[in-house]
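K.L.:
Prediction below, plus the sequence it came from.
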Amino acid sequence: MAINPGQVTLDEATTIDKRLQTVTRTITDEVHNEVFVLIDPDNADNSAFARIKAAIAATTDYGLITRPLSANRTAAAALGAANAAVTVATEGAGNVAWEIDTGTLVGTVVFEATLDDTNWFAINALRIDGTIIASTTTFADRGSLTSAGYSQIRLRVSAYTSGSSNARVEASHTYASVVRLGQGLPANPGVDIGDVTINNAGGGSAVNIQDGGNAITVDGTVVVTATDLDIRNLAHGQDSVRIGDGTDLALVTAAGELNVLATAQPGVDVGDVTVNNGAGAGAVNVQDGGNALTVDNGGTFATQDSQVLTDNGAFVDGTSKLFMGGFIFDEVAGTALTENDAAAARITVNRAVVAAIEDGVTRARYATVTAANALKVDGSAVTQPVSGTVTANQGGAPWSAHGPEAHDAPVVSNPLLLGGRAQATAPTDVSADGDVVRAWLLRNGAQATVLTAAGALIGGDAANGLDVDVTRVTGTVSVQIAAETTNRVEVIGDVADDAAAAGNPVQIGVIARNVDRAAVANADIAYATADLLGKQIVLPYAVPELFVSGLATLTSTSDASVIAAGGAGVRNYITSLSASNTSATAVRVDFKDNVTTQISFFVAASGGGAAQSFPIPLRGSANVAFQAALSAAVTDVRVSAQGYRAAN
């Protein structure tokens, strides 16, 4: 089949083949699903044209080649596990469309390609909104991939949490016509790529145009629409910039000065004007035309003069200049300042400057004024570092101290602490009545007091005390020797408890009773008791609470406890024992202090027995049991013991 140039009636796409330097037209017959490649022989070299002709069985005048197109390749799979993938072969394909349904997948899907069907590597994909992505976690999602040169392309779950979503891919022979941002355009010298619009609407950073080290040539007029125009690196005498508003151009004087406002136009806003005298040749002269220079203080109008000194700079008397300073009247607390903030100082309503007394070393440590407008000197009660002599001038008259209340008035204030002169002996009389005299205190601080009667001192001495004239005493005189109770004299012994006896004995009496009295508490004092004839009642050995007794049945030679041990330091004292043998065998009974035999009874068979009391009790060892054992085993021997316990 032959198609002559210029006679193509079907849809066609035209490209530039730089290697063959030929014009190639690819024509698709949608009816027969065939592609025709036409090489213009007028532009092809001999070797290229020969290769075209050798590629087919029969040649034509224009080297026409026909090839059947294969159908699109598709693949689908569920992405429901880690490394689950959907893969499609892409040899000969130029574009792959991909799609992932909403589903329930929670995970990350990446895009990968391979050249050798073994080693996979990551590639980028393009969403339908033009976003370039390397992976996706948003479902549903869809887009396309460029597949030229790859053997296979796949979508794979690289990170899996839960769920599943269906995915599909379709490889086709068409090529995506979208140029992705971030990819450089191919180097095609002399090739017209059409109009290119560079849009930096976001304003995140400047648009960078690379010229490869060469000059960028603009054919026509460059229109710049921007608030600030920065033109740098112009060559003097060679480059020029014309500034205008689209109708008129700015004027430049013969001296090379830019005339910002050529004519007087009151009310015309010329924008921000920066006057830079960086060279420092002389002062910058701002002409106001004989009028006042008015500044509309929408911003800050900064002035500089020789009054300004650098930080920690020297002030020169008669040379350095000063600014008059002002302060604010502000009685309402404002916003708190932070370190290095600037602020206005305060004055009072009477224009007095408000000042604070600060510590000379530690910053932000100020003197305190109380709510009563008193300056708090020191609240720690610590002695203050005052040196030298401090003179308090009362105005010539002597200082006088007096109490807050008048004579015969109720006392409402705190008492005043008074002192006196400490002296062991009586002080010397002063010269006359009415003289000022110091109070006399003993060395221990007790105030010395002397009794008087009718203006005369009552005598006495250190050995005998106060002198008392008993000849003037009439009636009954009560003498209290110690603690007095109901007009009785308390008599105590000559020595204390647990001390050596001394002095003469004191006769004592007891209370006669024919019935017991109520018990007193432990360690209380109690009256001694006698019968009605005055015979004192004495309980033998110990108090009833310390009496002990025990009973045991013996059948063997093993030791059996009759009375248990009394505890640490406590002994058992045995006052009587008894034994009774009901067995048919006579036997010996041994009574023991723990394991040491103290006394033995021989008891006859069939009702034999023995008993004994001890005027002098058997004394046991501390904290051991009183026990008994038989000399031979019998059926039944009963033993008993009585006594008391004591800790000695």
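P.N.:
Yep, that arrived. Numbers count the residues shown, from 1 in each chain.

K.L.:
so where's the stretch 351-500 of the chain uncertain?
P.N.:
Applying pLDDT under 70 to the stretch 351-500 of the chain flags residues 376-400, 455, 478-490.

K.L.:
now the strands for it?
P.N.:
Secondary structure of the stretch 351-500 of the chain (DSSP state E, counting those that start in this stretch): strands at 368-369, 375-376, 421-422, 440-441, 452-453, 456-457, 460-461, 465-466.

K.L.:
ranking those strands by burial, who's on top?
P.N.:
Of all the strands of the stretch 351-500 of the chain, strand 440-441 has the most neighbours on average by mean count of other Cβ atoms under 10 Å, namely a mean of 16. From N, CA and C alone the C-beta is placed, and that goes for glycine too.

K.L.:
Residues contacting it, please?
P.N.:
419-423, 426-427, 447-448 (Cβ atoms under 8 Å, 6 or more residues apart in numbering).

K.L.:
Repeat the analysis, applying 7 Å as the threshold.
P.N.:
For strand 440-441, contacts defined as Cβ atoms under 7 Å, 6 or more residues apart in numbering pick out 420-423, 427, 447-448.

K.L.:
Give me the distance between the two termini of stretch 111-120.
P.N.:
Terminal residues of stretch 111-120 lie 10 Å apart, using Cα to Cα, to the nearest Å.

K.L.:
Also stretch 510-523?
P.N.:
Span of stretch 510-523 from end to end, Cα to Cα: 19 Å.

K.L.:
Stretch 409-429 now?
P.N.:
Using Cα to Cα, the two ends of stretch 409-429 sit 33 Å apart.

K.L.:
Quick check: buried residues in stretch 631-648?
P.N.:
Going by neighbour count (16 or more other Cβ atoms under 10 Å), the buried part of stretch 631-648 is 634, 637-646.

K.L.:
pLDDT check: weakest of the residues you listed?
P.N.:
Ranked by pLDDT, the buried residues of stretch 631-648 bottom out at residue 646, which scores 93.

K.L.:
So what pairs up with that residue in the strands?
P.N.:
Taking DSSP bridges as the rule, residue 646 bridges to residue 571.

K.L.:
so what's it up against?
P.N.:
Contacts of residue 646 (Cβ under 7 Å, 6+ apart): 542, 546, 571, 573.

K.L.:
Please repeat the previous calculation with a cut-off of 8 Å.
P.N.:
Applying Cβ under 8 Å, 6+ apart, we find residue 646 in contact with 542, 546, 570-571, 573.

K.L.:
Just the closest of the residues you listed to residue 173, please.
P.N.:
Distance to residue 173 across these (Cβ to Cβ) is lowest for residue 570, with 116.1 Å.

K.L.:
so that closest one touches residue 647, yeah?
P.N.:
Yes - counting by Cβ atoms under 8 Å, residue 647 is a contact partner of residue 570 at 5.3 Å.

K.L.:
before we move on, the earlier item: can you say which of the contacts of residue 646 are buried?
P.N.:
When those are checked for burial by 16+ other Cβ under 10 Å, the buried set is 570-571, 573.

K.L.:
just those now: which is nearest residue 372?
P.N.:
Nearest to residue 372 among those is residue 570, at 74.3 Å by Cβ to Cβ.

K.L.:
Quick check: the closest one vs residue 623, distance?
P.N.:
Per Cβ to Cβ, to the nearest Å, residue 570 is found 6 Å from residue 623.

K.L.:
hmm, back to that, want to throw the contacts of strand 440-441 into a markdown table with distance to residue 104?
P.N.:
What follows is those, written out as a markdown table (distance: Cβ to Cβ, whole Å):
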| residue | distance to residue 104 |
| --- | --- |
| 420 | 100 |
| 421 | 103 |
| 422 | 100 |
| 423 | 106 |
| 427 | 110 |
| 447 | 100 |
| 448 | 105 |
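
K.L.:
Can you pick out the ones from the residues you listed that are in helices?
P.N.:
Counting by DSSP state H, no part of the contacts of strand 440-441 is found in helices.

K.L.:
Out of those residues, which is nearest to residue 91?
P.N.:
The closest of the contacts of strand 440-441, once distances to residue 91 are taken by Cβ to Cβ, is residue 422, at 121.6 Å.

K.L.:
Please give the element, helix or strand, for the closest residue in space to residue 77 that isn't next to it in sequence.
P.N.:
Nearest in space to residue 77, with sequence neighbours left out and distances taken as Cβ to Cβ, 6 or more residues apart in numbering, is residue 86 at 4.0 Å. Assigned by DSSP states H and E, residue 86 falls within strand 85-89.
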